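> Okay, here's the prediction I keep looking at, along with the sequence it came from:
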Amino acid sequence: MNNDYLDPINALNMPELADTTLATDFLIRAKEGVRNLAVALTETASPDLRILLRKQLKQAIQMHQEITELMIEKKWFHPHDLSEQYQLDQLSAKNTIMIGNMNLFTGETNRKGMFDRTPDAH
């Protein structure tokens, strides 16, 4: 990858990078959901609510497992091979730094003349 964000060569592998990023975020949110449901279950005194929370907790654990299995199958996550996971994490960090260093916005931020009319006065 070079620093020219308009260069089409930089679009190679973008769909997979986006999928990986979304799946990782989904996995993190699923894990948070499991944790939050477990806490809620220990905090409630209502028997009916405890039944409901147990059911939701089982579903959340199942969803977390399915996301994990998908990511392992796609080779986006290596929970049993730390050296491979470390290499993926290093690549992700390198890409993040590279994107952060790109000049995505010009120095000129004046938007005057970009709209077909002036904003309504309030």
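Alright, I've got the coordinates.
> Just the buried residues of the helix or strand harbouring residue 52, please?
Secondary structure assignment for residue 52, by DSSP states H and E: helix 47-73. Buried positions in helix 47-73, judged by neighbour count with 16 or more other Cβ atoms under 10 Å: 53, 57, 60, 61, 63, 64, 67, 68, 71. Where C-beta positions appear, they are placed from N, C-alpha and C, glycine not excepted.
> where in this structure is pLDDT low?
Residues of the chain meeting the criterion pLDDT under 70: 1-8, 10-11, 104-122.
> just the helices in it please.
14-43, 47-73, 82-101 (DSSP state H).
> Show me which positions of the shortest one end up buried.
Neighbour-count burial for helix 82-101, counted by 16+ other Cβ under 10 Å, picks out residue 88.
> Export that helix to PDB, keeping only CA atoms.
Listed next in PDB are the C-alpha coordinates belonging to helix 82-101 (Å, rounded to 0.1, in the frame of the first residue of the first chain):
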ATOM      1  CA  LEU A  82      -0.700 -17.100  19.300                       C
ATOM      2  CA  SER A  83       2.100 -16.500  16.900                       C
ATOM      3  CA  GLU A  84      -0.300 -16.500  13.900                       C
ATOM      4  CA  GLN A  85      -2.700 -14.200  15.800                       C
ATOM      5  CA  TYR A  86       0.300 -11.900  16.800                       C
ATOM      6  CA  GLN A  87       1.200 -11.600  13.100                       C
ATOM      7  CA  LEU A  88      -2.500 -10.600  12.200                       C
ATOM      8  CA  ASP A  89      -2.500  -8.100  15.100                       C
ATOM      9  CA  GLN A  90       0.800  -6.600  13.900                       C
ATOM     10  CA  LEU A  91      -0.600  -6.300  10.300                       C
ATOM     11  CA  SER A  92      -3.700  -4.600  11.600                       C
ATOM     12  CA  ALA A  93      -1.600  -2.200  13.700                       C
ATOM     13  CA  LYS A  94       0.600  -1.400  10.600                       C
ATOM     14  CA  ASN A  95      -2.500  -0.800   8.400                       C
ATOM     15  CA  THR A  96      -4.100   1.400  11.100                       C
ATOM     16  CA  ILE A  97      -0.900   3.600  11.400                       C
ATOM     17  CA  MET A  98      -0.600   3.800   7.600                       C
ATOM     18  CA  ILE A  99      -4.300   4.900   7.200                       C
ATOM     19  CA  GLY A 100      -3.800   7.400  10.100                       C
ATOM     20  CA  ASN A 101      -0.800   8.900   8.200                       C
END
